[in-house]
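K.L.:
what follows is a predicted structure for the sequence shown.
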Amino acid sequence: MASTVDIEHRIKSALERIDTASQALALAARNNDKKAHEDTSDDRTKAPLAEALHRNAQLQEHVKTLKAQLDKTLIARDQQSDVLRDKLADLVSESARLKDANKALSQVNESLRQENAQGISNAELMNTALKSQLEALQAARALETAELEALLADLSNVLGIKTPSGDTPSA
(Lines give C-alpha, C1' and ligand atoms only; values in the text may rest on other atoms or scores of the structure.)
Protein backbone atom coordinates (compact mmCIF):
# COMPACT_ATOMS: atom_id res chain seq x y z
CA MET A 1 0.00 0.00 0.00
CA ALA A 2 1.40 3.35 -0.99
CA SER A 3 1.98 5.83 1.78
CA THR A 4 -0.44 8.65 2.33
CA VAL A 5 2.14 11.20 1.21
CA ASP A 6 2.64 9.33 -2.09
CA ILE A 7 -1.10 9.18 -2.69
CA GLU A 8 -1.47 12.88 -1.90
CA HIS A 9 1.37 13.71 -4.29
CA ARG A 10 -0.20 11.63 -7.06
CA ILE A 11 -3.59 13.25 -6.53
CA LYS A 12 -2.10 16.76 -6.58
CA SER A 13 -0.20 15.96 -9.77
CA ALA A 14 -3.34 14.56 -11.38
CA LEU A 15 -5.33 17.62 -10.34
CA GLU A 16 -2.70 19.91 -11.82
CA ARG A 17 -2.76 17.97 -15.11
CA ILE A 18 -6.54 18.08 -15.15
CA ASP A 19 -6.54 21.81 -14.46
CA THR A 20 -4.07 22.41 -17.27
CA ALA A 21 -6.07 20.22 -19.64
CA SER A 22 -9.33 21.92 -18.62
CA GLN A 23 -7.88 25.34 -19.29
CA ALA A 24 -6.58 24.18 -22.65
CA LEU A 25 -9.94 22.65 -23.46
CA ALA A 26 -11.79 25.78 -22.42
CA LEU A 27 -9.51 27.86 -24.64
CA ALA A 28 -9.94 25.37 -27.46
CA ALA A 29 -13.70 25.39 -26.95
CA ARG A 30 -13.78 29.19 -27.14
CA ASN A 31 -11.65 29.11 -30.26
CA ASN A 32 -13.78 26.35 -31.71
CA ASP A 33 -16.95 28.28 -30.95
CA LYS A 34 -15.54 31.24 -32.83
CA LYS A 35 -14.51 29.00 -35.72
CA ALA A 36 -17.86 27.21 -35.64
CA HIS A 37 -19.62 30.49 -36.18
CA GLU A 38 -17.20 31.30 -38.96
CA ASP A 39 -17.16 27.86 -40.58
CA THR A 40 -19.64 25.18 -39.48
CA SER A 41 -18.29 22.65 -41.94
CA ASP A 42 -15.03 22.01 -40.01
CA ASP A 43 -15.68 18.51 -38.53
CA ARG A 44 -11.99 17.86 -37.99
CA THR A 45 -11.98 19.93 -34.77
CA LYS A 46 -15.24 18.59 -33.37
CA ALA A 47 -14.10 14.99 -32.98
CA PRO A 48 -10.86 15.77 -31.11
CA LEU A 49 -12.71 18.25 -28.91
CA ALA A 50 -15.38 15.71 -28.04
CA GLU A 51 -12.69 13.13 -27.36
CA ALA A 52 -10.78 15.57 -25.14
CA LEU A 53 -13.94 16.48 -23.23
CA HIS A 54 -14.70 12.80 -22.71
CA ARG A 55 -11.14 12.14 -21.50
CA ASN A 56 -11.39 15.12 -19.14
CA ALA A 57 -14.59 13.70 -17.63
CA GLN A 58 -12.86 10.34 -17.16
CA LEU A 59 -9.92 12.00 -15.44
CA GLN A 60 -12.22 13.91 -13.11
CA GLU A 61 -13.96 10.66 -12.13
CA HIS A 62 -10.56 9.06 -11.52
CA VAL A 63 -9.58 11.97 -9.26
CA LYS A 64 -12.83 11.55 -7.30
CA THR A 65 -12.03 7.86 -6.85
CA LEU A 66 -8.50 8.65 -5.68
CA LYS A 67 -9.81 11.24 -3.22
CA ALA A 68 -12.30 8.71 -1.82
CA GLN A 69 -9.51 6.16 -1.39
CA LEU A 70 -7.34 8.74 0.33
CA ASP A 71 -10.18 9.69 2.67
CA LYS A 72 -10.74 6.02 3.56
CA THR A 73 -7.03 5.55 4.19
CA LEU A 74 -6.86 8.63 6.40
CA ILE A 75 -9.91 7.55 8.38
CA ALA A 76 -8.41 4.08 8.90
CA ARG A 77 -5.10 5.60 10.01
CA ASP A 78 -6.93 7.92 12.43
CA GLN A 79 -8.81 4.98 13.92
CA GLN A 80 -5.61 2.98 14.29
CA SER A 81 -3.96 6.00 15.87
CA ASP A 82 -6.82 6.32 18.38
CA VAL A 83 -6.53 2.63 19.31
CA LEU A 84 -2.77 2.95 19.78
CA ARG A 85 -3.22 6.11 21.85
CA ASP A 86 -5.68 4.26 24.12
CA LYS A 87 -3.31 1.30 24.45
CA LEU A 88 -0.47 3.63 25.34
CA ALA A 89 -2.58 5.35 28.00
CA ASP A 90 -3.46 1.94 29.48
CA LEU A 91 0.21 0.95 29.47
CA VAL A 92 1.20 4.15 31.23
CA SER A 93 -1.42 3.75 33.94
CA GLU A 94 -0.60 0.05 34.44
CA SER A 95 3.09 0.87 34.62
CA ALA A 96 2.43 3.54 37.25
CA ARG A 97 0.33 1.08 39.27
CA LEU A 98 3.07 -1.55 39.16
CA LYS A 99 5.72 0.97 40.16
CA ASP A 100 3.61 2.10 43.12
CA ALA A 101 3.00 -1.51 44.22
CA ASN A 102 6.68 -2.38 43.94
CA LYS A 103 7.65 0.76 45.83
CA ALA A 104 5.26 -0.14 48.67
CA LEU A 105 6.59 -3.71 48.72
CA SER A 106 10.15 -2.42 48.83
CA GLN A 107 9.28 -0.13 51.77
CA VAL A 108 7.77 -3.08 53.69
CA ASN A 109 10.88 -5.12 53.01
CA GLU A 110 13.07 -2.25 54.16
CA SER A 111 11.10 -2.10 57.41
CA LEU A 112 11.60 -5.83 57.84
CA ARG A 113 15.33 -5.44 57.24
CA GLN A 114 15.52 -2.69 59.86
CA GLU A 115 13.64 -4.85 62.36
CA ASN A 116 15.96 -7.73 61.58
CA ALA A 117 18.98 -5.50 62.18
CA GLN A 118 17.56 -4.66 65.62
CA GLY A 119 17.00 -8.33 66.34
CA ILE A 120 13.19 -8.03 66.41
CA SER A 121 12.33 -9.79 63.16
CA ASN A 122 11.22 -13.20 62.14
CA ALA A 123 13.62 -14.78 59.62
CA GLU A 124 10.89 -16.81 57.93
CA LEU A 125 8.74 -13.68 57.50
CA MET A 126 11.72 -11.85 56.03
CA ASN A 127 12.39 -14.66 53.58
CA THR A 128 8.75 -14.75 52.49
CA ALA A 129 8.65 -10.98 52.00
CA LEU A 130 11.81 -11.00 49.90
CA LYS A 131 10.48 -13.87 47.76
CA SER A 132 7.25 -11.95 47.26
CA GLN A 133 9.14 -8.87 46.20
CA LEU A 134 11.24 -10.85 43.75
CA GLU A 135 8.16 -12.49 42.26
CA ALA A 136 6.39 -9.13 41.96
CA LEU A 137 9.36 -7.62 40.19
CA GLN A 138 9.61 -10.59 37.82
CA ALA A 139 5.88 -10.41 37.07
CA ALA A 140 6.09 -6.68 36.45
CA ARG A 141 9.03 -7.20 34.11
CA ALA A 142 7.21 -9.94 32.21
CA LEU A 143 4.07 -7.79 31.93
CA GLU A 144 6.02 -4.80 30.69
CA THR A 145 7.87 -6.93 28.14
CA ALA A 146 4.64 -8.45 26.81
CA GLU A 147 2.91 -5.08 26.61
CA LEU A 148 5.85 -3.45 24.85
CA GLU A 149 6.02 -6.31 22.34
CA ALA A 150 2.29 -5.93 21.63
CA LEU A 151 2.69 -2.19 21.22
CA LEU A 152 5.68 -2.64 18.95
CA ALA A 153 3.73 -5.10 16.81
CA ASP A 154 0.82 -2.65 16.51
CA LEU A 155 3.13 0.24 15.65
CA SER A 156 4.96 -1.89 13.11
CA ASN A 157 1.63 -2.79 11.54
CA VAL A 158 0.53 0.83 11.29
CA LEU A 159 3.86 2.08 10.00
CA GLY A 160 4.44 -0.92 7.73
CA ILE A 161 7.95 -1.54 9.03
CA LYS A 162 9.70 -4.79 9.86
CA THR A 163 9.42 -6.18 13.35
CA PRO A 164 12.56 -7.02 15.37
CA SER A 165 12.19 -10.66 14.25
CA GLY A 166 12.61 -9.42 10.66
CA ASP A 167 9.08 -10.27 9.53
CA THR A 168 6.94 -7.75 7.73
CA PRO A 169 3.69 -7.48 9.68
CA SER A 170 0.45 -8.45 7.98
CA ALA A 171 -2.22 -5.80 7.56
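P.N.:
Arrived safely. Numbering: from 1, shown residues only.
K.L.:
low pLDDT regions in the chain?
P.N.:
Applying pLDDT under 70 to the chain picks out residues 1-2, 33-44, 121, 162-171.
K.L.:
show me where it has its helices.
P.N.:
4-38, 46-117, 123-159 (DSSP state H).
K.L.:
which helices and strands does the longest one pack with?
P.N.:
Using 3 or more CB pairs under 8 Å, 6 or more residues apart in numbering; DSSP states H and E, the elements in contact with helix 46-117 are helix 4-38, helix 123-159. Backbone N, C-alpha and C define where each C-beta goes, glycine included.
K.L.:
for Ile18, which residues are in contact?
P.N.:
Shown here is Ile18, whose contacts under the criterion CB atoms under 8 Å, 6 or more residues apart in numbering are 56, 59-60, 63.
K.L.:
and if we set it to 6 Å?
P.N.:
When the contact criterion is CB atoms under 6 Å, 6 or more residues apart in numbering, the partners of Ile18 are Leu59.
K.L.:
and it, how far from Glu110?
P.N.:
Distance, Ile18 to Glu110, using CB to CB, to the nearest Å: 73 Å.
K.L.:
for Leu53, same thing?
P.N.:
Between Leu53 and Glu110 the distance is 84 Å, computed by CB to CB.
K.L.:
neighbour-wise, which of these two wins?
P.N.:
Leu53 (14 against 10; other CB atoms under 10 Å).
K.L.:
what about the closest residue in space to that one that isn't next to it in sequence, how many neighbours?
P.N.:
Leaving out its chain neighbours, the residue that sits closest to Leu53 by CB to CB, 6 or more residues apart in numbering is Leu25, at 6.4 Å. Using other CB under 10 Å, the number of residues around Leu25 comes to 16.
K.L.:
same thing with Leu112?
P.N.:
Neighbours of Leu112 under the rule other CB under 10 Å: 20.
K.L.:
picking that back up, got a markdown table for the helices and strands packed on helix 46-117, with distance to Leu91 too?
P.N.:
As requested, the helices and strands packed on helix 46-117 are exported to a markdown table (distance: least, CB to CB, whole Å):
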| stretch | distance to Leu91 |
| --- | --- |
| helix 4-38 | 26 |
| helix 123-159 | 5 |
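K.L.:
all set now, cheers.
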